[in-house]
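In: When you get a sec, could you give me coordinates for this:
(2 chains)
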Amino acid sequence: EDQVTQSPEALRLQEGESSSLNCSYTVSGLRGLFWYRQDPGKGPEFLFTLYSAGEEKEKERLKATLTKKESFLHITAPKPEDSATYLCAVQAGGATNKLIFGTGTLLAVQP
Amino acid sequence: ETGVTQTPRHLVMGMTNKKSLKCEQHLGHNAMYWYKQSAKKPLELMFVYNFKEQTENNSVPSRFSPECPNSSHLFLHLHTLQPEDSALYLCASSPRGGGRDEQFFGPGTRLTVL
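Out: Numbering: from 1, shown residues only, chains lettered A, B, ... in the order given. Next up, the predicted model:
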């Protein structure tokens, strides 16, 4: 069964304290792994898509990496405005465009 | 309007009411989705439409009835809901169905069933 597990459930950082969020997955034929950011009361906002092991993408203080079993979202020198829930989703092989989501990591960055 | 919009943003309804959620995408996409987001649970895919045709129904109870009149509009008709249906309902769109495209989400409708 296709599955996505995110850890930790919650993470509290001081401003400037770098860390990483983990997304481990089991899926039959990975077509893509997606990272989203979700602020309270809002819909998820697209961040990155990774397609194959070894791929990396960066955006400001965020860097996403992918292996055959997991993805990491590295946050370098975070700021309070980076506080949000970060969601990971995978798309399995086949004709469907179905995304399978994890439960997310709630990140709080304190000034 | 840009991106994906949803109305209403908040909805409170009784178990015997009938209401509808509306989603509109201004991105020129051809695939649209309904998701349910409950506390402490992953987003659950409910329905997928590609070029106005329903391509996925994720075992959703019949009290939820989707409608897609064109590629830009998606509705979710609600009737005789249960309190456990209270959740954030999210609409999303992507350029193609069946492709490796990212999905873009609307702000959601917060539904409370009394």
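In: Near residue 75, how many other residues are there?
Out: In the absence of a named chain, this looks at chain A. 22 (other CB atoms under 10 Å in any protein chain shown). The C-beta positions use only the backbone N, C-alpha and C, and glycine is treated the same way.
In: nope, chain B please
Out: For B:Phe75, the neighbour count with other CB under 10 Å is 17.
In: Setting aside sequence neighbours, what's the nearest residue to the one residue in chain B that gets nearest to chain A?
Out: The minimum distance from chain B to chain A, using CB to the nearest CB, falls at B:Phe105 (3.5 Å). The shortest distance from B:Phe105 to any residue other than its chain neighbours is 3.5 Å, reached at A:Gly43 (CB to CB, 6 or more residues apart in numbering or on different chains).
In: So the residue of chain B closest to chain A is in contact with B:Val4, correct?
Out: Yes - with contact defined as CB atoms under 8 Å, B:Phe105 counts as touching B:Val4 (6.3 Å).
In: thought A:Ala108 was touching A:Leu13?
Out: Yes - at 7.3 Å, A:Ala108 counts as touching A:Leu13 under the criterion of CB under 8 Å.
In: So which of the two has more stuff around it?
Out: A:Leu13 (18 against 13).
In: ok, now which ones touch the more buried one?
Out: Listed by CB atoms under 8 Å, 6 or more residues apart in numbering or on different chains, the contact set of A:Leu13 reads A:Ser19, A:Ile75, A:Pro78, A:Leu107, A:Ala108, A:Val109, A:Gln110.
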